[in-house]
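Q: Below are the sequence and a predicted model for it; my questions follow.
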Amino acid sequence: MTFQQGWPSGLPVGDGWVETAGSTDVVFPYDGSVVAAAPLGTADLAGRALDEALAVAGVMARLPSHARREALLAAHDELKVRREEFERLLVLETGKPLVDCKVEVARTIVTLATAAEEVARLHGETVPLDLLPAGEGLVGFWTRRPIGVVVGITGYNYPLLLAAHKIAPAVAAGCPVIVKPAPSTPLATLWLVHLLRESGALPPAAVQLVTGDVEVGRRLVEDRRIGAVSFTGSAAAGHAIARNAAPTKVLLELGSNAALVVAADADLEAAADAVVRGGYYASGQACISVQRVLVEEPVRDAFLGLLAVRMKDVAVGDPRLPGTRVAPLIDERSTARVLEWIEAAVAAGATLVTGGTRAERTVAPTVLADVPDGAAAWDEEIFGPVVCVRTVADLDQALETVNRSRYGLHASVFTRSLATAFTAIDTIEAGGVVVNEVPGFRADNMPYGGVKDSGIGREGPRFAIEELTVTRMAIIRP
């Protein structure tokens, strides 16, 4: 089955699929053609989904572990069977190169399997209450209980994977979940929700999806009856959600401008490979793609020479082709903004090494040198195929520059020195520090999240499940 053939109409709300009055066209960014007309939700429908989720919250909390595990494994198995269909759909709705969509589906499969495994590890501990004399004779233990209804809001760049990181931990924890995908990329997420509901192991209302605008999102996050909001997107949107949702628990996976440090003793070939591989995957539309490169002065010229050679091999074109590495961004507004930031950086004193232009809908892979502080291309998250290179005197200056950012999601350092590696790990203010690999490396079973304006809370099934449960202490006097 594909979205166009045999797909249930409407949105998965409550026990069935609810027809919507409106729809929105999902557009293929490469040529502007319409992929499908997706159902368009409303704030009222979001309210209905909340009521339905709350009605099954008790059922989900009591649902046996084997049923939650079965639902996740059923979706996992079906996704494996249909992986090529999902890959093709992701290319069409996101415009990302096929190679990146293959990675997204593979990682989603791992995420579902890992969440299913974590169901068996959801347990508590005994507590020695007699550390206080008053506790003598008491028996104490704690368990983990579902936090309640979870609202998951996802970005457009990895719609299937981001949704899986909201939905799978919620199901594993015993929480009903309502997911709101980005308006431009709802199709793969709709299909994932359909697979989970079709498993038959869950109440249908345990996994729902509502599309729509900001008002739909506000209706979901401002309801005081929910247990948690999990959001992936821009820092500005995340801050607004945190304010609107308070005092509800909020998990935020926000933006970044990931740095890669090239130490004087680094393997320069590997570092140059990493900048190209890590800077332009998903056409640069990844929160931990390489954006800032800090190169120690003694190896600057050699490194830039190696980088220039590799830039010639970054293939630009149709994302459906297996060799394409950079394709059009999600929409014209994003394209115009990236080009404006490049132009502003050059006006502020940066050197345009390569790129900086557009060919039809695509921004050419770009390298900027010596971008000053204060330029958006250095300070903010550009979310496009742009890498900025700056020379630093030594490692201390490099690490200080990495930390002189309001973001802190992932960073990496290339070095042959174990001492340098551990200095970076101890010094860099980020949720993850990667040594001799791209900052964009993420295994979906590891804790993932940021500090500062890059967010709060952690994803990865084990860690997200902990975020979506609360401890309940039991104290018994026999």
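A: That came through fine. Residues are numbered from 1 along each chain as shown.

Q: Need the CA coordinates for stretch 162-173. CSV is fine.
A: The C-alpha trace of stretch 162-173 is given here as CSV (Å, rounded to 0.1, in the frame of the first residue of the first chain):
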residue,chain,number,x,y,z
LEU,A,162,11.5,12.3,14.6
ALA,A,163,7.9,11.0,14.9
ALA,A,164,9.3,7.5,15.9
HIS,A,165,11.3,9.1,18.6
LYS,A,166,8.1,10.6,20.0
ILE,A,167,5.7,7.8,19.4
ALA,A,168,7.7,4.7,20.2
PRO,A,169,8.9,5.7,23.7
ALA,A,170,5.4,6.9,24.6
VAL,A,171,3.9,3.6,23.6
ALA,A,172,6.6,1.7,25.5
ALA,A,173,6.0,3.8,28.6
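
Q: Show the average pLDDT along it.
A: For stretch 162-173, the mean per-residue pLDDT is 98.

Q: how about that stretch: buried residues?
A: 162-173 (16 or more other Cβ atoms under 10 Å). (Each C-beta comes from the backbone N, C-alpha and C, glycine too.)

Q: Over to stretch 327-343?
A: Buried, per 16+ other Cβ under 10 Å, within stretch 327-343: 327-331, 334-335, 337-339, 341-342.

Q: Each with direction, which strands does the lowest-mean-pLDDT helix or strand in the chain pair with?
A: The helix or strand of the chain with the lowest confidence, counting by mean pLDDT, DSSP states H and E, is strand 358-359 at a mean of 92. With DSSP bridges as the test, strand 358-359 is paired with strand 362-363 (antiparallel).

Q: what does the helix or strand following the partner strand rub up against?
A: As assigned by DSSP states H and E, the chain's next helix or strand after strand 362-363 is strand 366-369. The contact list for strand 366-369 (Cβ atoms under 8 Å, 6 or more residues apart in numbering) reads 304, 307, 311, 342, 345-346, 350-356, 377, 384-390.

Q: try 6 Å
A: 342, 345, 350-351, 353-356, 386-389 (Cβ atoms under 6 Å, 6 or more residues apart in numbering).

Q: May I see the ChimeraX selection of the buried members of those?
A: Selection command for ChimeraX covering only the buried members of these, criterion 16+ other Cβ under 10 Å:
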select :342,345,350,353,354,355,356,386,387,388,389
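
Q: What about the contacts of strand 366-369, which are in strands?
A: The strands, defined by DSSP state E, take in 351, 353-354, 386-389 from the contacts of strand 366-369.

Q: And the strands in the stretch 51-200 of the chain?
A: 125-127, 139-146, 150-153, 177-180 (DSSP state E, counting those that start in this stretch).

Q: same thing with the stretch 301-450 of the chain?
A: 351-354, 358-359, 362-363, 366-369, 386-392, 407-408, 410-414, 432-435.

Q: Ok, which of those strands comes nearest A38?
A: A38 lies closest to strand 362-363 among the strands of the stretch 301-450 of the chain, at 24.5 Å (Cβ to Cβ).

Q: contacts for that closest one?
A: 316, 328, 335, 338, 384-385.

Q: List the contacts of R320.
A: By Cβ under 6 Å, 6+ apart, the contact set of R320 is 91, 98.

Q: roughly how far apart are it and L90?
A: Plainly put, R320 is 11 Å away from L90 if you go by Cβ to Cβ, to the nearest Å.

Q: Next, the contact list for the residue nearest to E87 when sequence neighbours are not counted, please.
A: Nearest residue to E87 in three dimensions, chain neighbours excluded: C101, at 4.7 Å (Cβ to Cβ, 6 or more residues apart in numbering). Each residue near C101 by Cβ under 6 Å, 6+ apart is listed here: 87, 90-91.

Q: Could you measure from C101 over to S412?
A: 24 Å.

Q: Which helix or which strand is home to F231?
A: Using DSSP H and E, F231 sits within strand 228-232.

Q: so what strands line up beside that strand?
A: Here, using DSSP bridges, strand 228-232 pairs with strand 150-153 (parallel), strand 249-253 (parallel).

Q: Could you identify which of those strands is most buried?
A: strand 150-153 (a mean of 28; mean count of other Cβ atoms under 10 Å).

Q: Pull the residues that contact that strand.
A: Residues from elsewhere that reach strand 150-153 (Cβ under 6 Å, 6+ apart): 166, 170, 175, 177-180, 217, 220-221, 226, 228-231, 468.

Q: Averaged pLDDT, that strand. What do you get?
A: Mean predicted confidence for strand 150-153 is 98.

Q: how distant is that strand from the center of its chain?
A: What separates the centre of strand 150-153 from the centre of its chain is 13 Å, taken as Cα atoms, centre = their mean, to the nearest Å.

Q: Could you export it as PDB, CA atoms only?
A: Taking C-alpha atoms only, strand 150-153 is exported to PDB below (Å, rounded to 0.1, in the frame of the first residue of the first chain):
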ATOM      1  CA  VAL A 150       2.100  12.900  25.400                       C
ATOM      2  CA  VAL A 151       2.000  15.500  22.600                       C
ATOM      3  CA  GLY A 152       4.700  15.100  20.000                       C
ATOM      4  CA  ILE A 153       5.500  17.800  17.600                       C
END
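
Q: returning to that earlier point: among the contacts of C101, which ones are buried?
A: Buried among those (16+ other Cβ under 10 Å): 87, 90-91.

Q: Quick check: of these, which lies closest to I476?
A: L90 (51.4 Å).

Q: For that closest one, give me the pLDDT.
A: Looking at L90, its pLDDT reads 98.

Q: What count of nearby residues applies to G41?
A: 29 (other Cβ atoms under 10 Å).

Q: isn't F28 right next to L90, touching?
A: No: F28 lies out of contact with L90 (Cβ atoms under 6 Å); the separation is 11.3 Å.

Q: which residues do those two both contact?
A: Counting by Cβ under 6 Å, 6+ apart, F28 and L90 have no common neighbour.

Q: For T42, list the residues it contacts.
A: T42 touches nothing, counting by Cβ under 6 Å, 6+ apart.

Q: And the residue nearest the centre of this structure?
A: L162 (4.9 Å; Cα atoms, centre = their mean).

Q: Not counting sequence-adjacent ones, nearest residue to that one?
A: Using Cβ to Cβ, 6+ apart, the nearest residue to L162 is T154, at 4.0 Å.

Q: residues in contact with that neighbour?
A: T154 sits next to 162-163, 181, 232 when contact means Cβ under 6 Å, 6+ apart.

Q: any idea how far A57 is from V103?
A: 34 Å.

Q: actually F441, not the one I typed
A: 36 Å.

Q: quick one: which of the two has more around it?
A: Neighbour count, other Cβ under 10 Å: between F441 and A57, A57 has more, with 22 against 14.
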